[in-house]
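J.: Prediction below, plus the sequence it came from.
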Amino acid sequence: MKKGVFTICFIAILTAILLLPAGCQSDAQTDALIGGAVGAGVGQAVGRDTEGTLIGAAAGAGIGYLIGAQSDKKKAEEEQRQREAYAQHQAQAKAAAATETIWITNSNGSKTSVVLRKEGDSWYGPKGEQYTDKPSEEQLRQVYGF
């Protein structure tokens with residue numbers, strides 16, 4: 001008779017481990033469930049009574065929850081890093097789209113680049129000067145060329 005009870009408990013624990021975690025919303029819940037099932041099995045095997053099973057289930061669930069909570073925390077941190085990286089990428093793309101480089105030919109034939117930034121209807125030069133229209137190469141040469 002004891003072998004039949006052990007088999008039923010083993011099948012019940014295995015079922016809980018394999019099927020029930022699918023309904024959990026977090027790693028903490030999943031790991032608590034798995035830990036409780038494993039702990040109950042270990043408690044039953046060691047204590048061979050209800051008290052041992054309950055103690056094992058409680059200890060396993062607690063340990064499983066702590067492990068799962070750490071996993072949830074790491075996942076949340078990684079998601080936050082990904083959101084920040086995406087936001088930074090979007091800001092850089094927007095900034096790049098709002099800039100234009102004008103090459104000025106200097107009196108000696110060399111070239112000087114001037115990066116203009118567009119905000120609304122205005123253009124801004126590297127020194128902070130504002131233009132109502134996109135400045136010409138000649139206008140920029142007076143400020144940045146030689």
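T.: Done, it's in.
J.: When you work out contacts or count neighbours from here on, use the C-alpha atoms and nothing else.
T.: Fine.
J.: tally of neighbours for residue 146?
T.: Neighbour count of residue 146, defined by other Cα atoms under 10 Å: 13.
J.: okay but it is in contact with residue 104, surely?
T.: No: in this structure, residue 146 is not within contact of residue 104 by Cα atoms under 8 Å, at 9.5 Å.
J.: Now name the helix or strand holding the most centrally placed residue in the chain.
T.: Centroid-nearest residue in the chain: residue 79, 1.4 Å away (criterion: Cα atoms, centre = their mean). Residue 79 is part of helix 50-97 when elements are defined by DSSP states H and E.
J.: ok, residue 102 - contacts?
T.: Residue 102 makes contacts with 113-116, 137, as judged by Cα atoms under 8 Å, 6 or more residues apart in numbering.
J.: Run through the neighbouring helices and strands of the helix holding residue 79.
T.: When contacts are defined as 3 or more Cα pairs under 8 Å, 6 or more residues apart in numbering; DSSP states H and E, helix 50-97 sits against helix 27-47.
J.: And the helix it packs on, what's buried?
T.: Neighbour-count burial for helix 27-47 flags 27-44 (criterion: 16 or more other Cα atoms under 10 Å).
J.: what angle separates that helix from helix 50-97?
T.: Interaxial angle of helix 27-47 relative to helix 50-97 (axes from the mean of the first three to the mean of the last three Cα atoms, to 10 degrees): 160 degrees.
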